[in-house]
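*Asks:* sequence-free structure coming up:
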Ligand SMILES: C[S@@+](CC[C@H](N)C(=O)[O-])C[C@H]1O[C@@H](n2cnc3c(N)ncnc32)[C@H](O)[C@@H]1O
């Protein structure tokens, strides 16, 4: 994955960033060339002699509104491939997962509104909208600064201690444990004895326990997606009288109901000999990548969540992918510990005794890749193939979006030369911001009952068979 190299801030007040960009770790990152931050003043894109970038709102009302002309001209001046983020209290909440995701975009633009906001038509020219929280700032500049700071500290080499971003609150799915420094005793409060003991393993265990305790007390909902060991669960269960299962039971299971539609038949075998034809060979999905997304995912109530990776999904989808000749199977999660979990499971079966004992399992798990974001997957596939992949997404409920049947896609893939991403969601499905990026949205899988809560593992199997199986 190419890390973030350029941030463009579009603003009416570039001077506000003066000191901010020069100081501390951020200033050093800029000076060392780890990231370039460019300020674009909307006024320089104005076409009138007064350099106007705002005007009064139609329909009356107080305040000024950013004009679409200079704002869109500024957006259109950005280098190709820049991810454009509009800062607005009406956007999705910025959080650690968003920071990890955006730190994986090579180029990013942050659009700062001011006064009463911006002309509505600007919205069509950005890729996403983010909010810092449920409060209203005077302008997007402070929000942009907060986002810049959160992203830059995640970039390789910016923090001296490479572990610190991984250990901090949210990075491992939990709040951080309490920290102490000198003096040993302050106003009668002593530093916990264990931290002075020099027993690294004991200290690690204490910190883990305190992180769990703190998360349970302050942000229990985070436990739904935090990667937890058996020991963690036992502790949480004891502290919460078993109630923690309610939060920690989140898994990558899919999906709500879907509608019926018949799948047109496919071809591919020689009618006389029954052998594979050239068409069938060309259809072999060696250019197909299966992608399983754990973020951003729709929640039951329509918000955005990060689901947990499950061992079953790692194994079963890798086996299905291998069976149908898929090139690679990518698991997308922004949570570092979950990424490690996936790598750990794959390497357990790839290396050493297990790999030798069950070579078929190793063969399947060798397809597994881990990515922080969907964008990182498209980047790596594009870098490998030298061409933009075709993005095929799946949903259990299309919600009015146009969909394509399996037969039609099967036909199309025969002549498709590009790599293909076959993307599956977990939880309550792929977030709209991902669905918006689909070149093709596949029909929901149908069955003859009105019950449709397929696991994503089964959905992957069905799709692979409909698209690439013998017909
Ligand atoms: C005063 S606010 C306008 C609020 C707008 N009238 C509304 O109700 O949505 C001016 C600008 O500040 C920025 N802003 C304000 N609050 C924000 C927040 N919570 N997160 C991100 N940006 C914010 C946005 O760029 C916004 O366009």
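*Replies:* Looks like it arrived, so ask away. In this text the structure is predicted, and so the values were computed from the model without any measurement.
*Asks:* Could you tell me the model confidence score at residue 335?
*Replies:* Residue 335 carries a pLDDT value of 90.
*Asks:* Can you list phi and psi of it for me?
*Replies:* phi -90, psi 120 (degrees, to the nearest 10).
*Asks:* thought it was touching residue 172?
*Replies:* Yes: Residue 335 is within contact range of residue 172, at 7.2 Å (criterion: CB atoms under 8 Å). (Each C-beta comes from the backbone N, C-alpha and C, glycine too.)
*Asks:* More neighbours: these two, which one.
*Replies:* Between residue 335 and residue 172, residue 335 has the larger neighbour count (other CB atoms under 10 Å), namely 24 against 19.
*Asks:* And the more buried one, how close does it get to residue 170?
*Replies:* Residue 335 sits 9 Å away from residue 170, going by CB to CB, to the nearest Å.
*Asks:* Now list whatever residues contact both of those two.
*Replies:* Common neighbours of residue 335 and residue 170 (criterion: CB atoms under 8 Å, 6 or more residues apart in numbering): residue 97.
*Asks:* Where is the longest strand in the chain?
*Replies:* Longest strand in the chain by number of residues, with DSSP state E as the criterion: strand 83-93.
*Asks:* List the buried residues of that strand.
*Replies:* Buried residues in strand 83-93, defined by neighbour count with 16 or more other CB atoms under 10 Å: 83-89, 91-92.
*Asks:* Stretch 200-217 too?
*Replies:* Buried residues in stretch 200-217 (16+ other CB under 10 Å): 203, 206-208, 210-216.
*Asks:* Return the subset of those lying in helices.
*Replies:* Judged by DSSP state H, helices contain the following of the buried residues of stretch 200-217: 203, 206-208, 210-216.
*Asks:* ok, whatever residue of the stretch 101-250 of the chain ends up closest to the ligand - contacts?
*Replies:* Closest contact between the stretch 101-250 of the chain and the ligand, by CB to the nearest ligand atom, is at residue 113 (2.1 Å). Applying CB under 8 Å, 6+ apart, we find residue 113 in contact with 66, 86-88, 139-140.
*Asks:* Go again with 7 Å.
*Replies:* Contacts for residue 113 (CB atoms under 7 Å, 6 or more residues apart in numbering) come out as 66, 87-88, 139-140.
*Asks:* Considering only these, which also neighbour the ligand?
*Replies:* Checked against the ligand using CB under 6 Å from any ligand atom, the contacts of residue 113 yield the following neighbours: 87-88, 139-140.
*Asks:* Turn those residues into TSV, columns for pLDDT.
*Replies:* Formatted as TSV, those follow (pLDDT from 0 to 100):
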residue	pLDDT
87	98
88	96
139	96
140	97
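*Asks:* Check those and tell me the two furthest apart.
*Replies:* 88 and 139 (10.9 Å; CB to CB).
*Asks:* Can you give me the distance of residue 229 to residue 174?
*Replies:* Per CB to CB, residue 229 is found 12 Å from residue 174.
*Asks:* These two - which one has more neighbours?
*Replies:* Comparing residue 229 with residue 174 by neighbour count (other CB under 10 Å), the higher total belongs to residue 174, at 26 against 10.
*Asks:* quick one: contacts for the more buried one?
*Replies:* Contacts were defined as CB under 7 Å, 6+ apart; by that measure residue 174 touches 211-212, 215, 222, 226.
*Asks:* out of those residues, who's near the ligand?
*Replies:* Among those, none lies close to the ligand by the criterion of CB under 6 Å from any ligand atom.
*Asks:* For these, give me a markdown table that also has pLDDT.
*Replies:* Below are those laid out as a markdown table (pLDDT from 0 to 100):
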| residue | pLDDT |
| --- | --- |
| 211 | 94 |
| 212 | 93 |
| 215 | 91 |
| 222 | 85 |
| 226 | 79 |
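*Asks:* want to throw those residues into a markdown table with distance to residue 27?
*Replies:* Formatted as a markdown table, these follow (distance: CB to CB, whole Å):
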| residue | distance to residue 27 |
| --- | --- |
| 211 | 31 |
| 212 | 36 |
| 215 | 33 |
| 222 | 32 |
| 226 | 34 |
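*Asks:* start to end distance for stretch 286-296?
*Replies:* Distance between the two ends of stretch 286-296: 27 Å, counting by CA to CA, to the nearest Å.
*Asks:* Within range of the ligand, give me the residues from this protein.
*Replies:* 87-90, 112-114, 116-118, 131-133, 135-140, 143.
*Asks:* Which of those fall within strands?
*Replies:* Checked against DSSP E, those include these in strands: 87-90, 112, 131.
*Asks:* Taking these, tell me the two that lie furthest apart.
*Replies:* By the measure CB to CB, 90 and 112 form the most distant pair in those, at 14.4 Å.
*Asks:* Point me to the helix or strand that includes the nearest residue to residue 209 once chain neighbours are set aside.
*Replies:* Distances taken as CB to CB, 6 or more residues apart in numbering place residue 235 nearest to residue 209, at 6.5 Å, with adjacent residues excluded. Per DSSP states H and E, residue 235 falls inside helix 230-240.
*Asks:* Now do the same contact list for residue 11.
*Replies:* Shown in contact with residue 11 (CB under 7 Å, 6+ apart): 39, 41, 112, 141.
*Asks:* Which residue ranges make up each domain of the protein?
*Replies:* What the record gives for the chain is the domain set 6-152, 185-248, 278-468, from automatic domain parsing.
*Asks:* Buried deepest among the ones you listed, which one?
*Replies:* Sort the domains of the chain by mean neighbour count, taking mean count of other CB atoms under 10 Å, and domain 278-468 sits at the top with a mean of 19.
*Asks:* For residue 332, see how far away the spatially most central residue of the chain is.
*Replies:* Nearest residue to the geometric centre of the chain (CA atoms, centre = their mean): residue 373, 3.8 Å. The gap separating residue 373 from residue 332 is 6 Å, by CB to CB.
*Asks:* can you check residue 420 too?
*Replies:* Applying CB to CB to residue 420 and residue 332 gives a distance of 16 Å.
*Asks:* Please apply the same query to residue 404.
*Replies:* 23 Å.
*Asks:* For residue 443, list the residues it contacts.
*Replies:* Neighbouring residues of residue 443 by CB under 7 Å, 6+ apart: 261, 403-406.
*Asks:* Do you have the strands of the stretch 201-350 of the chain handy? List them.
*Replies:* 288-293, 297-298, 304-305, 328-332 (DSSP state E, counting those that start in this stretch).
*Asks:* Turn the ones you listed into a markdown table, including distance to residue 343 and mean pLDDT.
*Replies:* Supplementary listing: the strands of the stretch 201-350 of the chain in a markdown table, determined by distance: least, CB to CB, whole Å; pLDDT from 0 to 100:
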| stretch | distance to residue 343 | mean pLDDT |
| --- | --- | --- |
| strand 288-293 | 15 | 97 |
| strand 297-298 | 21 | 92 |
| strand 304-305 | 23 | 90 |
| strand 328-332 | 10 | 95 |
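*Asks:* Low-confidence regions, the stretch 51-200 of the chain specifically.
*Replies:* Low-confidence segments of the stretch 51-200 of the chain (pLDDT under 70): 161-167.
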